[in-house]
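>>> okay, here's the prediction I keep looking at, along with the sequence it came from:
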Amino acid sequence: MPWSRQLASALAVALVAPLLVSAQNPVLVPAKFTVVLDAAHGGDETGAQLASGVPEKTATLALSARLRSLLAARGFGVVTTRDTDTALDPDRRAAIANHANAGACLIVHFTASGSGVHIFTSALTPRPAERFLPWKTAQSAFVARSVALSGLLNSTLTQTGITVTLGSANLSSLDSMTCPAVAIEIAPERGPNGAIISQPFDPDYETRVASALAASLLTWRQQERAK
């Protein structure tokens, strides 16, 4: 191939590459089943203000650290998008998850409204996996598996007595992830009369949620390895 044609071909690849993400990670599959924990917000992006006065960015980071410890103790590989009070854009969060070749990703949020735990999967229309996927809609090839993960989380949390609400949403970081991924939003725990019995950042409530999430991921790992 003449040098000019080689240069033109290289430039074409360079221009298209940032818009696409490979559905097949070129690195070897890690020995450990890897989970990515994405603590929402950070830096100047504080998120919601919880009833305790704690900003959401602090609560998500604390839960991410707790989950990391629980999962590491169970033999998981754990990758966190942030370990400090740092702002990250959605594309960077998705890139971290995709580079980790993760078996699951949990995006963690907190809210002062609603009840129990809200679990969201991508609202993208499912589509077959391809060698290269458009960056902004890469999750479309993983929606079915993400819904299955959501169902497992729902079952485990419900068994512990925590109310769960399932839904779908368009989140730019979630939509660009090439692994089973869900966004989890922890709301106050309410009694039968609707009164709040536990705030989202209460230690006991957070422990129950974190333990249920870890148990769910343990089952998820078993199911994925059995395929």
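Arrived safely.
>>> quick check: longest helix of this protein.
With DSSP state H applied, the helix covering the greatest number of residues in the chain is identified as helix 203-225.
>>> strands of this protein, start to end?
If you assign secondary structure with DSSP state E, the strands in the chain sit at 20-22, 34-39, 77-80, 104-110, 117-122, 132-134, 164-169, 181-186, 189-190, 196-198.
>>> please render these as a markdown table that adds mean pLDDT to the earlier fields.
As requested, the strands of the chain are exported to a markdown table (pLDDT from 0 to 100):
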| stretch | mean pLDDT |
| --- | --- |
| strand 20-22 | 59 |
| strand 34-39 | 98 |
| strand 77-80 | 97 |
| strand 104-110 | 98 |
| strand 117-122 | 98 |
| strand 132-134 | 87 |
| strand 164-169 | 97 |
| strand 181-186 | 98 |
| strand 189-190 | 96 |
| strand 196-198 | 94 |
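>>> which other helices and strands contact the longest helix of the chain?
With contacts defined as 3 or more Cβ pairs under 8 Å, 6 or more residues apart in numbering; DSSP states H and E, the secondary structure elements packing on helix 203-225 are helix 56-73, strand 104-110, helix 143-159, strand 181-186. Any C-beta I mention is one placed from the backbone N, CA and C, and that applies to glycine too.
>>> got the buried residues for the second one?
Within strand 104-110, the residues that count as buried by 16 or more other Cβ atoms under 10 Å are A104, C105, L106, I107, V108, H109, F110.
>>> same deal with stretch 161-181?
Buried residues in stretch 161-181, counted by 16+ other Cβ under 10 Å: 162, 164, 168, 171, 173-181.
>>> quick check: closest non-adjacent residue to P55.
T46 (4.2 Å; Cβ to Cβ, 6 or more residues apart in numbering).
>>> I figured Q199 hits P188, correct?
Yes. Under the criterion of Cβ atoms under 8 Å, Q199 lies in contact with P188, with a separation of 5.6 Å.
>>> these two: who's more crowded?
The residue with more neighbours, out of Q199 and P188, is P188; 22 against 19, by other Cβ atoms under 10 Å.
>>> okay but that one is in contact with F201, surely?
No. Taking contact to mean Cβ under 8 Å, the distance of 9.8 Å between P188 and F201 leaves them out of contact.
>>> quick one: residues contacting the residue nearest in space to the middle of the chain.
Most central in the chain under Cα atoms, centre = their mean is L106, positioned 2.6 Å from the mean C-alpha point. L106 sits next to V35, V36, L37, D38, L67, A181, V182, A183, I184, L213 when contact means Cβ atoms under 8 Å, 6 or more residues apart in numbering.
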